[in-house]
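A.B. asks: Need a 3D model of the following:
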Amino acid sequence: MNDKLTQQQIRLLVFLLFCSIIAIFFLADGQQWLNLETLKQNSNALLNYADQHYLFLYLACGLLYIAMTALSLPGGLVLSLALGLLFGRWMGTLLIVISATIGATLIFLLARYLIADWARERLQGNEQAVKLMDSFQADAFNYMLFLRLVPLFPFWLVNLVPAFTPISSRTYIITTLIGIIPGSFVFANLGQSLGQIENAEQLLSMPVLVAFTLLGILALAPVLVKRYKTIQSTENNK
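C.D. replies: So this is what the prediction gives:
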């Protein structure tokens, strides 16, 4: 009884913490600050601050990125651009990959072990979530890698749904870490040349989407080959 009560209290505290942070974000006009125009207008001031407080800003941006990923707050693409602007394509990419992986892992573990019932209720009527869960019954590694490489579904959804599938935590972390590297590099590289970006539509241009799709197909190739061999073997045994 006490254990059950303690678990309920933990869930309530986690829920209240999430709600509080999300409320603070919107009350502080977080969306207004994390947009492309604001970033471009304040780029010189941010670069000057980064020169004077590099390590502090690097760690602070990492913590902010973790929180935004774990809470599925809007503005992640603009923050990725900001990290590329402030720290360059390589250090920016490194920070995005590490922070996004930690943030995604946090929400995955929370969904699996603390808020499973609430999250399941939230996803029940979501057709995208149902399709994702069905596809994880086999070849979880390749399919998860495909989802990370190709932006078919919202990032928050890909973070949450695997918690209710047979995928292991290790597989989830590894595929997330590997799968987000190309996209992270693209946005960090764009951020380094921020002046060339006129609008948000340029962030996911057709060449970029095609490149991600090709990488995703490559990730699914072992699955497709295995299924083809299974079909061939079944037909030969008839």
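
A.B. asks: any low-confidence regions in this structure?
C.D. replies: 1-12, 14-23, 25-33, 115-126, 128-138, 195-238 (pLDDT under 70).

A.B. asks: Scan this structure for its longest helix.
C.D. replies: For the chain, the longest helix by residue count, based on DSSP state H, is helix 76-113.

A.B. asks: Check which residues of that helix are buried.
C.D. replies: By neighbour count on 16 or more other CB atoms under 10 Å, the buried set for helix 76-113 is 76-87, 89, 92-97, 99-108, 110-112. (Each C-beta comes from the backbone N, C-alpha and C, glycine too.)

A.B. asks: and the gap between Ser168 and Arg112?
C.D. replies: 11 Å (CB to CB, to the nearest Å).

A.B. asks: circling back to that earlier point, from the contact counts, what lies against the longest helix of the chain?
C.D. replies: Helices and strands touching helix 76-113, by 3 or more CB pairs under 8 Å, 6 or more residues apart in numbering; DSSP states H and E, are helix 36-41, helix 43-52, helix 54-71, helix 155-160, helix 169-179, helix 181-192.

A.B. asks: so who does Ala140 touch?
C.D. replies: Ala140 makes contact with Pro162, Thr165, Pro166, Ile167, Ser168, Thr171 under the criterion CB atoms under 8 Å, 6 or more residues apart in numbering.

A.B. asks: again, only this time at 7 Å
C.D. replies: Applying CB atoms under 7 Å, 6 or more residues apart in numbering, we find Ala140 in contact with Thr165, Pro166, Ile167, Thr171.

A.B. asks: now do Leu81
C.D. replies: With contacts defined as CB under 7 Å, 6+ apart, the neighbours of Leu81 are Leu39, Phe187, Leu190, Gly191, Leu194.

A.B. asks: Since that was my last question, I'll sign off now.
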